[in-house]
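Asker: no letters, just coordinates:
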């Protein structure tokens, strides 16, 4: 184990001590998680959930969403923003899954080798590494580490990843630093650190529980 991995594990353990073992909402079925994560792109959790609930209220099944008039799907998901993009994107993914698998059932991904499952998901337009990792980790209990904007910012700032690494490159890189059994908690606790303390514009360094393991030096006047 290299020094960076050792530091990553130390950070994970400190965040566990401070924040505890996190629990996200009740896991969604894989197709539900896939749609929810597409809705989450470029918006917050509240707006994502409002749009997701509106879809489920308006349509009785994902097959109905798939086959609906696109304008009706767009109308339902307006709370999530970028509805004109996300509506057709969701329908195209649902059609593509059906065309390939014969139904909207992603449970088979549980039994595929991890990289094969990841590649299968990311071949669809609108399904990037983060979306695929969320479906794999949270719905299927596979060892994938999603990297959202908070995790990307925090890991760059504290020195866990190279500064110029892209967000796409950060997924396999961060997976290589941490043991698979830590991914779920590390993902959620790093997000919490980014939301509550390691803010984008003005990080609250004096109250940061990992400040002694951090490379960031705040600017002073």
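Answerer: That came in fine, so what should we check first? The shown structure was predicted, so the numbers you read here are calculated from the model rather than taken from an experiment.

Asker: the protein: helices as residue ranges?
Answerer: 3-19, 30-40, 45-58, 62-67, 70-76, 83-101, 114-122, 129-134, 149-158, 167-177, 183-196 (DSSP state H).

Asker: got the domain ranges for this structure?
Answerer: As assigned by automatic domain parsing, the chain contains the domains 3-23+146-213, 30-139.

Asker: nearest to residue 209, out of the helices of the chain?
Answerer: Evaluated over the helices of the chain, closeness to residue 209 peaks at helix 3-19, with 4.5 Å, by CB to CB. Using the backbone N, CA and C atoms, a C-beta is placed for each residue, glycine as well.

Asker: who touches the closest one?
Answerer: By CB atoms under 8 Å, 6 or more residues apart in numbering, the residues outside helix 3-19 that reach it are 1, 158, 160, 174, 176-179, 182, 185-186, 189-190, 192-193, 209-210, 213.

Asker: for that helix, give the mean pLDDT please.
Answerer: Within the predicted structure, the mean pLDDT of helix 3-19 is 95.

Asker: dump the domains of the chain into TSV; add mean neighbour count as well.
Answerer: What follows is these, written out as TSV (neighbours: other CB atoms under 10 Å):
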stretch	mean neighbour count
domain 3-23+146-213	16
domain 30-139	17
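
Asker: give me the below-cutoff pLDDT ranges for the chain.
Answerer: Residues of the chain that meet the criterion pLDDT under 70 lie in 1, 217-221.

Asker: before we move on, the earlier item: nearest to residue 108, out of the helices of the chain?
Answerer: helix 83-101 (7.4 Å).

Asker: residues in contact with the closest one?
Answerer: Residues from elsewhere that reach helix 83-101, judged by CB under 8 Å, 6+ apart: 31, 34-35, 38-39, 41, 51, 62-63, 65-66, 68, 70, 73-75, 77, 80, 104, 106, 108, 124-127.
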